[in-house]
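Enquirer: From the sequence below, what's the structure:
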Amino acid sequence: MVVVWMKDMKNGAASAGIVKDHDNGTYTGILRTLWTGRAAMKAAVITSKERIDFTYDILRKGYQGKSINCIFRSTRAVETTNGYMDINNMKTDNLCNFTSQYHGVPFYCGKPKGEGLRCVDWTQVSCRLKKMTLSSNEQWFYESRASENLPDVINITIGHVEGDTASASRPCYLQDPRNTWRATPPVGFSYQHTWRPLSCFSNIKTTNSYHHCLANRTLRLYGDSTDGCKPQTTQFGMWGPVYENILKQEFVGINNRVVYLDFWDMTVALESTANHPSSQIVKTMLDMFFGYVCKTELN
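Expert: Numbers count the residues shown, from 1 in each chain. Have a look, this model is predicted:
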């Protein structure tokens, strides 16, 4: 997987491009000019086919990132059994299926054997990181760098862009949700260290505007990193485009009522290399998210 982006240090600007894979070992990167100035065009290999194959192989062998324990409790007994996200990894047919309680995500626990304990007595999940069992060669490959910036950097001068930068004139809360699913990259860019979406602008930036927006509202947050027993490992970021395709297929029937926020461009342009983006990037994501929900900003 190859990504391209360009960066203008003087203007605090950056944007991501799109990459076309020609399936013969060559790629074409396309970058849209969104501001006036100078920029350095960069490229990086995020992961290789060999690393993706390696990742799938260790998953097929049953590795799931974390060891999951299911705790069952009654007034008379407590018992712990193993938990799994994939039923094929279960070593017993005596199981409790908690998929419905887990918001539709497959999740299974071994059925408790203690007297009087049943599946309905499931009360808690605990997790711990699970070390992979690898050969010396596999361990070397796993610990090697997953991504690498290409050494060549192309410096360019960007001529006239109307108004010096591309900009949106419509607030995000007026945006048709269906447009968020149809948008093509780039969906935004950074300028003067501020993220600027191309289709709309967020009107939420201050603490007061957040308080005003969330007053008398119920907010529910679901996500893999906020859920203690979702498996995570360090080198699986290349699944982003895969999940994107799955989401777009699953939400086809209701995409007129659901907003899809694509932050891939943001993390590439802002050179986010950690497993999780920085607090500043997360704040920018939240500002964008609430821009679709909240109508006004208080001064």
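Enquirer: Every contact and neighbour count from this point should use C-alpha atoms.
Expert: Will do.
Enquirer: May I have stretch 58-72 as PDB, with CA atoms only?
Expert: Output of stretch 58-72 as PDB, limited to C-alpha atoms (Å, rounded to 0.1, in the frame of the first residue of the first chain):
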ATOM      1  CA  ILE A  58      -1.200 -15.500  12.100                       C
ATOM      2  CA  LEU A  59      -4.900 -14.600  12.400                       C
ATOM      3  CA  ARG A  60      -5.800 -17.800  10.600                       C
ATOM      4  CA  LYS A  61      -3.700 -19.700  13.200                       C
ATOM      5  CA  GLY A  62      -5.900 -18.200  16.000                       C
ATOM      6  CA  TYR A  63      -4.000 -15.200  17.200                       C
ATOM      7  CA  GLN A  64      -6.400 -12.400  18.200                       C
ATOM      8  CA  GLY A  65      -4.200  -9.800  19.800                       C
ATOM      9  CA  LYS A  66      -5.600 -10.100  23.300                       C
ATOM     10  CA  SER A  67      -6.400 -13.000  25.600                       C
ATOM     11  CA  ILE A  68     -10.100 -12.500  26.600                       C
ATOM     12  CA  ASN A  69     -11.600 -13.900  29.800                       C
ATOM     13  CA  CYS A  70     -15.300 -14.000  30.400                       C
ATOM     14  CA  ILE A  71     -16.400 -13.800  34.100                       C
ATOM     15  CA  PHE A  72     -19.600 -15.400  35.200                       C
END
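Enquirer: Next one: the closest residue to Ile87 other than its chain neighbours relative to Thr81, how far apart?
Expert: Spatially, and ignoring its direct neighbours in sequence, Ile87 is nearest to Tyr108 (6.7 Å; CA to CA, 6 or more residues apart in numbering). For Tyr108, the distance to Thr81 equals 10 Å [CA to CA, to the nearest Å].
Enquirer: And these two? Which one has more around it.
Expert: Here Tyr108 and Thr81 are compared on neighbour count by other CA atoms under 10 Å; more neighbours surround Tyr108, at 22 against 16.
Enquirer: for the more buried one, what are its contacts?
Expert: Gly83, Tyr84, Met85, Asp86, Ile87, Leu95, Cys96, Asn97, Phe98, Thr99 (CA atoms under 8 Å, 6 or more residues apart in numbering).
Enquirer: how near is the fourth one to Gln101?
Expert: Distance from Asp86 to Gln101, counting by CA to CA: 16 Å.
Enquirer: more neighbours, the two?
Expert: Asp86 (13 against 10).
Enquirer: Give me the pLDDT value at the more buried one.
Expert: Note on Asp86: pLDDT of 82.
Enquirer: Then Gly37?
Expert: 91.
Enquirer: Name whatever forms a beta bridge with it.
Expert: In this structure, Gly37 bridges to Ile158 when assessed by DSSP bridges.
Enquirer: Number the residues from 49 up from this point.
Expert: With 49 as the first residue, the last one maps to Gly85.
Enquirer: okay, now it: neighbour count?
Expert: For Gly85, using other CA under 10 Å, the count is 19.
Enquirer: I'd say it and Ile206 touch.
Expert: Yes: Gly85 is in contact with Ile206 according to CA atoms under 8 Å; the separation is 5.1 Å.
Enquirer: In a strand, Met54, correct?
Expert: Yes: assigned with DSSP: H, G, I helix; E, B strand; the rest coil, Met54 falls within a strand.
Enquirer: Does the residue minimising distance to the centre of the chain fall in a helix, a strand, or a coil region?
Expert: For the chain, the residue nearest the mean C-alpha position is Gly288 (6.2 Å; CA atoms, centre = their mean). Secondary structure state of Gly288, per three-state DSSP, is helix.
Enquirer: What segments of the stretch 99-248 of the chain are helices?
Expert: For the stretch 99-248 of the chain, helices defined by DSSP state H, counting those that start in this stretch occupy the ranges 184-191, 225-230.
Enquirer: comparing those helices, which gets the lowest mean pLDDT score?
Expert: helix 184-191 has the lowest average pLDDT among the helices of the stretch 99-248 of the chain, namely a mean of 81.
Enquirer: Just checking the distance from that helix to the centre of its chain.
Expert: Chain-centre distance of helix 184-191: 26 Å, with CA atoms, centre = their mean, to the nearest Å.
Enquirer: Can you list the buried residues in that helix?
Expert: Tyr190 (16 or more other CA atoms under 10 Å).
Enquirer: In PDB, list the C-alpha atoms belonging to it.
Expert: Taking C-alpha atoms only, helix 184-191 is exported to PDB below (Å, rounded to 0.1, in the frame of the first residue of the first chain):
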ATOM      1  CA  SER A 184      13.000 -16.400  14.800                       C
ATOM      2  CA  ASN A 185      12.500 -15.400  11.100                       C
ATOM      3  CA  GLU A 186       8.900 -14.500  11.700                       C
ATOM      4  CA  GLN A 187       9.800 -12.500  14.800                       C
ATOM      5  CA  TRP A 188      12.400 -10.500  12.800                       C
ATOM      6  CA  PHE A 189       9.800  -9.800  10.100                       C
ATOM      7  CA  TYR A 190       7.200  -8.800  12.600                       C
ATOM      8  CA  GLU A 191       9.500  -6.400  14.300                       C
END
